[in-house]
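Q: Could you work out the structure for the sequence below:
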Amino acid sequence: MMINRRPLLATPFLLAAGPAMASREVADATGRRVALPGRVARVFPAGPPAAILVYTVAPDLLAGWPARPPRPHEAVFLDPAAAALPEVGRLTGRDNTANLEAVLAARPDLVLDYGSVAPVFVQLAERVQAQTGIPTLLLDASLAKIPETYETLGAMLDRRPEAARRAAEASRILAEAREAAALLAQRGRPRVFYARGPRGTETALHGSINAEIIEYAGAENVAVGPPGARGLAQVSVEQVLAWDPDYVMSLDPAFIAMARQDPLWRSLRAVRQGRLVQVPNTPFGWVDFPPAVNRLLGLVWLPILFGLAPPDGLEDRVAAFHRLFYHRDPDRALLKGLLAPAMGRG
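A: Numbers count the residues shown, from 1 in each chain. You can find the predicted model right below:
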């Protein structure tokens with residue numbers, strides 16, 4: 001089994017090089033109290049979830065994009081100046097590319113991680129701060145914590161009004177999702193297999209952050225591993241056939257195209273009955289890729305997919321979300337193209 005965020009620092013020790021003089025103290029999601037400068041002007045995101053979180057509130061403070069900048073088809077949904085920011089590498093995840101010299105070279109006032117608050121990531125934050133002298137904070141990326149996270153981030157960045165608007169919208173989406181989940185519990189929970197990658201044989205196990213949205217929306221993730229297993233896992237098509245899910249979902253259009261042709265995948269009941277679903281993935285995924293605040297859009301969409309609400313108005317809801325969180329009014333033709341496969345029209 002693989003965990004979905006693995007810390008790695010390429011440089012074991014560096015001399016501390018502190019930011020501007022600290023003038024206030026804030027607490028992160030773990031209760032760690034860290035001194036911040038009076039004004040945070042630049043944030044280094046430890047991974048893609050943190051980059052998206054900061055971007056939604058304060059794109060002007062983002063130092064760059066971990067892993068890679070947005071590609072052209074993603075950038076058209078984002079603020080142009082922010083989309084053009086450089087790659088800065090990442091401190092967490094499977095493709096760790098940043099060393100501490102790169103962090104220092106970016107000259108941030110704050111290093112921010114957003115994801116699991118397990119002890120290993122607390123230790124990572126403490127190590128980065130000790131070795132760079134830069135305040136390093138960790139926020140909880142679980143869905144239920146999003147409103148609280150926005151309030152905390154607003155205080156950290158002194159962007160309270162902007163963060164409060166996003167916290168309020170997140171609270172509304174989460175409340176609607178809980179109501180939809182209660183209706184599904186009465187009607188019967190749909191069973192979902194979440195296929196990752198072009199072959200569909202990687203999945204997110206029950207209880208992992210990568211599949212959290214499925215369970216929050218009231219569906220059942222069929223991928224249950226051994227006791228205590230979390231994160232990502234490799235499975236066989238034969239195992240998926242044995243699970244016999246009601247829906248197969250994937251962010252990867254290559255998998256969707258392959259599954260429609262492959263005899264084994266086509267023998268799956270969900271595929272035969274037209275419930276092989278392309279999850280929207282631009283500019284960020286609606287289930288994970290990465291598991292950050294972008295998943296709120298998935299909670300707007302899933303009740304419609306599961307037949308609890310009509311599709312009328314989805315395009316307008318998504319456009320409003322993009323304006324608030326992504327700082328750009330999306331082109332309606334592009335938006336229709338994004339939504340069509342998710343509604344079985346692609």
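
Q: C-alpha only now, for contacts and for neighbours.
A: Fine.

Q: End to end on stretch 324-335, go ahead and measure it.
A: Between the opening and closing residues of stretch 324-335 there is a gap of 15 Å (Cα to Cα, to the nearest Å).

Q: Equivalent analysis for stretch 292-308, please.
A: Length of stretch 292-308, first residue to last, Cα to Cα: 25 Å.

Q: now it: how far from the chain's centre is it?
A: Centroid separation for stretch 292-308 versus its chain: 13 Å, with Cα atoms, centre = their mean, to the nearest Å.

Q: cool, and stretch 171-188?
A: In terms of Cα atoms, centre = their mean, the centre of stretch 171-188 is set 20 Å apart from its chain centre.

Q: how about it as PDB, C-alpha atoms only?
A: Included here for stretch 171-188 are C-alpha records, laid out as PDB according to Å, rounded to 0.1, in the frame of the first residue of the first chain:
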ATOM      1  CA  SER A 171     -20.000  25.600   4.800                       C
ATOM      2  CA  ARG A 172     -23.000  25.800   2.500                       C
ATOM      3  CA  ILE A 173     -21.700  23.100   0.100                       C
ATOM      4  CA  LEU A 174     -20.800  20.800   3.000                       C
ATOM      5  CA  ALA A 175     -24.200  21.200   4.600                       C
ATOM      6  CA  GLU A 176     -26.000  20.400   1.300                       C
ATOM      7  CA  ALA A 177     -23.700  17.400   0.900                       C
ATOM      8  CA  ARG A 178     -24.600  16.100   4.300                       C
ATOM      9  CA  GLU A 179     -28.300  16.400   3.500                       C
ATOM     10  CA  ALA A 180     -27.800  14.600   0.300                       C
ATOM     11  CA  ALA A 181     -25.900  11.800   2.100                       C
ATOM     12  CA  ALA A 182     -28.800  11.400   4.600                       C
ATOM     13  CA  LEU A 183     -31.200  10.900   1.600                       C
ATOM     14  CA  LEU A 184     -28.900   8.300   0.100                       C
ATOM     15  CA  ALA A 185     -28.700   6.500   3.400                       C
ATOM     16  CA  GLN A 186     -32.500   6.100   3.300                       C
ATOM     17  CA  ARG A 187     -32.700   5.200  -0.400                       C
ATOM     18  CA  GLY A 188     -29.600   3.000  -0.500                       C
END
